[in-house]
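> Show me the folded form of this:
(chains A and B)
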Amino acid sequence: MRTILLKSFGSPMADKKIHCEKCERPAVYLDREREIHLCSDHLKESVENEVRRYLITKRLPKTLGVAFSGGKDSTALLKVLSEIRSEFPSSIIALTVDEGIEGYRQDTIRAATETCLTLRIPHEIIRFQDLYGHSLDHLVSGSERNACTICGILRRRALEVLVQKHKITMIATGHNQDDHAQTTVMNAISGDVRKIFTGYGPSSWYAQRIKPFARVSEKEVTLYALISGLFRDLPECPYAVSSLRGEVRTLLYQYEQTHPGAMRNAARCEEEIRERLGGTYQQELYKTCSICGWPGSGTICQVCMVLGKDVRFQNFMKDEK
Amino acid sequence: MMIYIRSCNPNHIFAGIIKPITHNAKTNSRMRLVLPDQSVIEVSVEGRTIETILNSQSIDPLTTLISREDEIIPEDTIPDEDDIIKVIRISHGG
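Presented below is the predicted three-dimensional model:
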């Protein structure tokens, strides 16, 4: 793990430097859409204002959970929330899932722990090994399914276990505007309208997800973490593979270069569909998993399928007959 | 077009007609680009922005941060020929 430290921000101006639109200090960021440059202080202010604008529209609970992987996005989110927490009624708790990925997760978990200590935010870690009896490495080695699919299913459940333990009704995630734009295009490509509304309907079981960085680009988020001294050049997940998201990301960045604002528009597009049609779209009701009792889309939930419990359950039923 | 010469009338320099010779022109040094994998390539700036240079190297400037002398700079900066520009990757694949 390598922490990237910057020597200084706002050192005396040299002629070759580009200056901030607002204060003449050296710029660190080019906002392509607004065609302005911002220094580190004004970039921080801009990011925090976007988060304020987002949070003010939400009915925040007493305790806000933050899905905290230890990566740059969730680290930046935790930092922003810690900066503006006096303005909101919620206390914050960071929730981390340790999937058990050898040679990768140790560094990010350590980074997560250090960040929470620095920001004085309560932190709870839940491990696949403790919850499911196996690490992700173990589960992936015996499965033909994509590691990211298995991880996503089990991580969501692990987070929900923490949520229920702490009686949390709302979780903030570090998804940024770029993530949203990619998801919008991916949903359009897959033609699955249901995905647009998934997770946004009322649920008495699952905690509501909010995304305070919905209108903050990945570059702004990364810069915020860097400026705050919390950006770490962490290793890449060994299971990260070339995927549709990767292709869409490349495509969108190309568009963003030639058509500044394309990313923001794509992200807003889906948001607007949800706002206009969210109330009219009939969402499928959750079913109860016949094995574990958790809600899901089928009679056997995805978690039980991934863990192979459905097979054991079927064998058990056969033996009973 | 900029004319580089070794001796000239100083008044022409002050008037901006002639740009004085720099050590870059003398030594023919080129900007060094430190890539995310820590490999280093030398590039002629030729008045281009870092964004243009990155694009010419098939690096998407939107997926990177740029630092010079340990300070982050915007990608539309035009670097000097003797600059060392570090590219920090912000987007991972997958």
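> C-alpha coordinates for the lengthiest helix in chain B, CSV please?
Determined from DSSP state H, the single longest helix within chain B is helix B:50-56. These are the backbone C-alpha positions of helix B:50-56, laid out as CSV (Å, rounded to 0.1, in the frame of the first residue of the first chain):
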residue,chain,number,x,y,z
ILE,B,50,-0.9,17.3,-21.5
GLU,B,51,-4.3,16.2,-22.6
THR,B,52,-3.2,16.1,-26.2
ILE,B,53,0.0,14.3,-25.3
LEU,B,54,-1.9,11.7,-23.3
ASN,B,55,-4.3,11.1,-26.1
SER,B,56,-1.4,10.6,-28.5
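> what sits up against it?
The contact list for helix B:50-56, computed with C-beta atoms under 8 Å, 6 or more residues apart in numbering or on different chains, reads A:257, B:31, B:33, B:43, B:45, B:48, B:60-61, B:64, B:66, B:73, B:75-79, B:85, B:87. Where C-beta positions appear, they are placed from N, C-alpha and C, glycine not excepted.
> mind listing the helices for the chain?
Chain wasn't specified; assuming chain A. Secondary structure of chain A (DSSP H): helices located at A:40-55, A:72-84, A:105-119, A:128-132, A:136-141, A:147-165, A:177-190, A:193-197, A:218-227, A:244-258, A:262-277, A:302-306, A:309-320.
> Sorry, I should have been clearer: chain B.
For chain B, the helices defined by DSSP H occupy B:10-14, B:23-27, B:50-56.
> Now the last one: buried residues?
If I follow you right, that is helix B:50-56. B:50-54 (16 or more other C-beta atoms under 10 Å in any protein chain shown).
> any idea which of those residues is closest to chain A?
Nearest to chain A among the buried residues of helix B:50-56: residue B:51, at 8.2 Å, using C-beta to the nearest C-beta.
> Might you enumerate the residues of the stretch 51-200 of chain A proximal to chain B?
Residues of the stretch 51-200 of chain A lying near chain B by C-beta under 8 Å from any C-beta of the partner chain: A:72, A:148, A:178.
> Contacts only, for the first one.
Counting by C-beta under 8 Å, 6+ apart, residue A:72 touches A:221-222, A:225, A:231-232, A:234, B:90.
> Tell me which residue of chain A lies closest to chain B.
Chain A approaches chain B most closely through residue A:240 (3.3 Å), counting by C-beta to the nearest C-beta.
> In terms of pLDDT, where does that residue sit?
Here the pLDDT value assigned to residue A:240 is 74.
> measure it to residue A:146 for me?
Per C-beta to C-beta, to the nearest Å, residue A:240 is found 11 Å from residue A:146.
> Stretch A:128-147: how far from the chain's middle?
Averaging C-alpha positions (C-alpha atoms, centre = their mean, to the nearest Å) puts stretch A:128-147 21 Å from its chain's average.
> Please work out the average pLDDT along it.
Across stretch A:128-147, pLDDT averages out at 86.
> and it, how far apart are its ends?
Start to finish, the residues bounding stretch A:128-147 are 14 Å apart (C-alpha to C-alpha, to the nearest Å).
> Could you do stretch A:161-177 as well?
With C-alpha to C-alpha as the measure, stretch A:161-177 spans 27 Å from end to end.
> chain center to that stretch: distance?
For stretch A:161-177, the distance to the chain centre is 10 Å (C-alpha atoms, centre = their mean).
> Chain A contacts on chain B?
Counting by C-beta under 8 Å from any C-beta, chain B sits next to chain A at B:55, B:60-63, B:65, B:67, B:69-80, B:88, B:90-94.
> Narrow those to those that are buried.
Neighbour-count burial (16+ other C-beta under 10 Å) is assigned, among these, to B:60-63, B:65, B:67, B:71-79, B:88, B:90-91.
> quick one, strands of chain B?
Counting by DSSP state E, chain B has strands at residues B:31-34, B:40-43, B:64-68, B:71-73, B:84-89.
> Need those in TSV (columns: mean pLDDT).
Shown next, in TSV, are those (pLDDT from 0 to 100):
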stretch	mean pLDDT
strand B:31-34	94
strand B:40-43	94
strand B:64-68	94
strand B:71-73	95
strand B:84-89	93
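> Can you add distance to residue A:196 and give these back as JSON lines?
Formatted as JSON lines, these follow (distance: least, C-beta to C-beta, whole Å):
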{"stretch": "strand B:31-34", "distance to residue A:196": "41"}
{"stretch": "strand B:40-43", "distance to residue A:196": "43"}
{"stretch": "strand B:64-68", "distance to residue A:196": "31"}
{"stretch": "strand B:71-73", "distance to residue A:196": "36"}
{"stretch": "strand B:84-89", "distance to residue A:196": "30"}
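> Which one of the ones you listed lies nearest to residue A:44?
Shortest distance between residue A:44 and those, using C-beta to C-beta, is found for strand B:71-73: 12.5 Å.
> Strand partners (parallel or antiparallel) of that closest one?
Strand B:71-73 has the following strand partners under DSSP bridges: strand B:64-68 (antiparallel).
> hmm, who's touching the partner strand?
A:6, A:219, A:222-223, A:226, B:36, B:50, B:54, B:72-75, B:77, B:79, B:83-90.
> quick one on the thing from earlier: out of the helices of chain A, nearest to residue A:287?
Closest to residue A:287 of those, according to C-beta to C-beta: helix A:302-306, at 11.7 Å.
> Can you give me the buried ones in the closest one?
Within helix A:302-306, the residues that qualify as buried are A:302-306, counting by 16+ other C-beta under 10 Å.
> again with stretch A:51-68
So stretch A:51-68, judged by 16+ other C-beta under 10 Å, has buried residues A:51, A:54-55, A:61, A:64-68.
> Also stretch A:218-232?
So for stretch A:218-232, counting by 16+ other C-beta under 10 Å, buried means A:218-228, A:230-232.
> Also stretch A:267-280?
Buried residues in stretch A:267-280 (16+ other C-beta under 10 Å): A:267-271, A:273.
> give me the beta-bridge partners of the nearest residue to residue B:73 once chain neighbours are set aside?
Leaving aside its sequence neighbours, residue B:73 sits nearest to residue B:66 (C-beta to C-beta, 6 or more residues apart in numbering or on different chains; 5.5 Å). When bridges are called by DSSP bridges, residue B:66 pairs up with residue B:73, residue B:87.
> Alright, I will stop here.
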